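**Student:** Next come a sequence and a model predicted from it.
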Amino acid sequence: VNAIQNPPAFVWAAFYGAVIANTDVAKIRAIMGLKGFGASVDEETGMRRAKVASSVLRFLYPDEWGVVDWRTLGIRSALRRCGGDIDRAIKTAGNENAPTMRKHFDLIDEHAVCDEVRAYRQMRREVPLSRAADIDMALFGLSLKVWPLPNV
């Protein structure tokens, strides 16, 4: 809804800024400057949401970036608690309902997103020929076992 409000010159500048940036944080901040991608600030905390911006960087750099959202964060959290055991992690994550998880992982700033993307990159090294984008897709797929999408 908000993304359409960005003038083409702003979109170009944001993408150019992401391409020339030297650090992950600078890359994601370039995209976060756009409306609908993290430009708005949460009134209570003063934080900006970087989750949507991660999807743009995933599109640009699938080898190095993956989408970070409440589903991937929830599954990764369960995997950490269960020592990487996927079956136990799914059961553990199932103890939380989707609205609770969405609320818990609502405010994810650029630093948290970059930390998570670094974890994707580390996980990628354990699976030959995978990309960070493949890791986020696998985590998202596992999340659907726990929190199915509502029927439309």
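**Tutor:** Great, that's in hand.

**Student:** so residue 34 sits right up against residue 10, yeah?
**Tutor:** Yes: contact status for residue 34 versus residue 10: in contact at 6.4 Å, counting by CB atoms under 8 Å. Yep, even glycine has a C-beta here, placed from its N, CA and C like the rest.

**Student:** So which of these two has more stuff around it?
**Tutor:** Shown here are residue 34 and residue 10; by other CB atoms under 10 Å, residue 34 has more neighbours (22 against 14).

**Student:** I'd like the distance between residue 80 and residue 123.
**Tutor:** The gap separating residue 80 from residue 123 is 11 Å, by CB to CB, to the nearest Å.

**Student:** quick one: which of these two has more around it?
**Tutor:** Looking at residue 80 and residue 123 with other CB under 10 Å, you find the greater number of neighbours at residue 123, namely 20 against 11.

**Student:** wouldn't the more buried one be in contact with residue 135 here?
**Tutor:** Yes: contact criterion CB under 8 Å: residue 123 and residue 135 qualify, at 4.9 Å.

**Student:** center of this protein, which residue is that?
**Tutor:** Note on the chain: the residue nearest the mean C-alpha position is residue 68, at 1.0 Å, using CA atoms, centre = their mean.
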